[in-house]
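Undergrad: Task: produce atomic coordinates for the following.
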Amino acid sequence: MLVARLGSTPGIDNISILTENDLSQPDPGPGEISVRLQASSLNQHDYNVILGRLPAEPGRILLSDAAGTVEAVGAGVTEFCEGDQVISCFFPHWIDGRQGIPGFSTVPGDGVDGYAREHVIRPASWFVRAPRHLNELESSTLPTAALTAWRALVVENKVKPGDSVLILGTGGVSIFALQFSKMLGARVIATSSSNEKLQRISSLGADDLVNYIEVPEWGQRVRELTDGQGADHVIEIGGQGTLPQSIEACRVGGRIALIGVLTGIGGYVPLAAMMGKQIRLQGLTVASRSDLQEMISAMEVNKIRPIIDATYSLSNLRDALRQMESGNHFGKVAIDHR
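TA: Coordinates of the predicted model:
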């Protein structure tokens, strides 16, 4: 069985990708399912674990997201049966309501072994049924990036038709945020440093485009595009390097969902501007199992398909991570286990 593990020292080059003997594949126990893993996708969280920014035990099996097929079910499992297509949950113990466990101690690929392998036995509650209209590679992109965007727009901020949503960049979360925003009838303003990517995101439905290299004060540009009001919602992925401009771009009483810190975790934050504009700034990380199920239902009804930039084999995981590291991707980077 091919397995990718965290190295003894941080770094992409230090990942161990080896064929390991799997002589004992027990039957699933009560409440468990056996899953043949067919695909995964990469997230910034995985990258941070590999670089040592999020401490994890050396030898930890990597990756938090996976899609696969149920091979067997244990006693008492009624939700799944053999042959079902399933996807993993980022927070396996967060079933519904408020999250009860802080941090990432239960997250696959971080606090516990993840899905960079070919087979796993886990409690049935660690998975949900995959969307019927998606293949395994597409489904594997949903547990982290899609669900984070869904929570920001639907669960927390209840975006409604006619609202304006500002998305930063063209990575996985931002593309899903665009797709969900259009599903909800919102106007989308998109930023990128690449005019080529802006044209691609326009073809997906973005209403207004801003190149933040050509327009460094892009917060003011967003206000101009909204008749001086600012965006109702901002999907903020940058952190210290973009938050001041996001605050400038946000309307009075608007909401900023802080879901990433790609540009750093410290730095200046214009608190007076936040207070003066009565902006709600909320940090959030993914969502619950029930939220994932509701999102899947919405994707099925609206036939939303993920955008996959590139697909790599599990044996070429290092190359996949370098593609994500480069920032050249548009949407998600997927891993084929087959």
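Undergrad: who touches stretch 184-197?
TA: Here stretch 184-197 makes contact (Cβ atoms under 8 Å, 6 or more residues apart in numbering) with 153-154, 159-170, 174, 178, 181-182, 198, 201-202, 205-213, 218, 222, 225-226, 231, 233, 330. C-beta: built from backbone N, CA, C; applies to glycine.
Undergrad: Show me what counts as buried in that stretch.
TA: For stretch 184-197, burial by neighbour count (16 or more other Cβ atoms under 10 Å) applies to Leu184, Ala186, Arg187, Val188, Ile189, Ala190, Thr191, Ser192, Ser194, Lys197.
Undergrad: quick one, helices of the stretch 101-250 of the chain?
TA: 136-139, 147-150, 172-183, 195-203, 218-225, 243-249 (DSSP state H, counting those that start in this stretch).
Undergrad: what stretches of the stretch 1-150 of the chain score poorly on pLDDT?
TA: Applying pLDDT under 70 to the stretch 1-150 of the chain flags the ranges 22-24.
Undergrad: ok so, going back, I'd like the helices of the stretch 101-250 of the chain as a markdown table, with distance to Asn316 appended.
TA: Output for the helices of the stretch 101-250 of the chain, formatted as a markdown table (distance: least, Cβ to Cβ, whole Å):
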| stretch | distance to Asn316 |
| --- | --- |
| helix 136-139 | 14 |
| helix 147-150 | 26 |
| helix 172-183 | 19 |
| helix 195-203 | 24 |
| helix 218-225 | 36 |
| helix 243-249 | 35 |
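Undergrad: between the ones you listed, which one is nearest to Arg289?
TA: helix 147-150 (9.7 Å; Cβ to Cβ).
Undergrad: chain center to that closest one, what's the gap?
TA: Here helix 147-150 shows a centroid-to-chain-centroid distance of 7 Å under the convention Cα atoms, centre = their mean, to the nearest Å.
Undergrad: quick one: contacts of it?
TA: Helix 147-150 is contacted from outside by 90, 173-174, 176-177, 180, 235, 259, 284-287, 291-292, 294-295, 298, using Cβ under 8 Å, 6+ apart.
Undergrad: Ends of stretch 163-174, what's the gap?
TA: Start-to-end span of stretch 163-174 (Cα to Cα, to the nearest Å) is 17 Å.
Undergrad: now do stretch 140-157
TA: 25 Å.
Undergrad: buried residues in it?
TA: Those would be 140-157, for stretch 140-157 by 16+ other Cβ under 10 Å.
Undergrad: Who are the contact partners of the spatially closest residue to Asn14 that is not a sequence neighbour?
TA: Sequence neighbours aside, Gly7 is the residue nearest to Asn14 in space, at 3.0 Å (criterion: Cβ to Cβ, 6 or more residues apart in numbering). Residues counted as contacts of Gly7 (Cβ under 8 Å, 6+ apart) are Asn14, Ile15, Ser16, Pro58.
Undergrad: just to revisit the earlier point, could you write me a ChimeraX select line covering just the buried ones among the contacts of stretch 184-197?
TA: This is how ChimeraX selects the buried members of the contacts of stretch 184-197, with burial counted by 16+ other Cβ under 10 Å:
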select :153,154,159,163,164,165,166,167,168,169,170,174,178,181,182,198,201,206,207,208,209,210,211,212,218,222,225,226,231,233,330
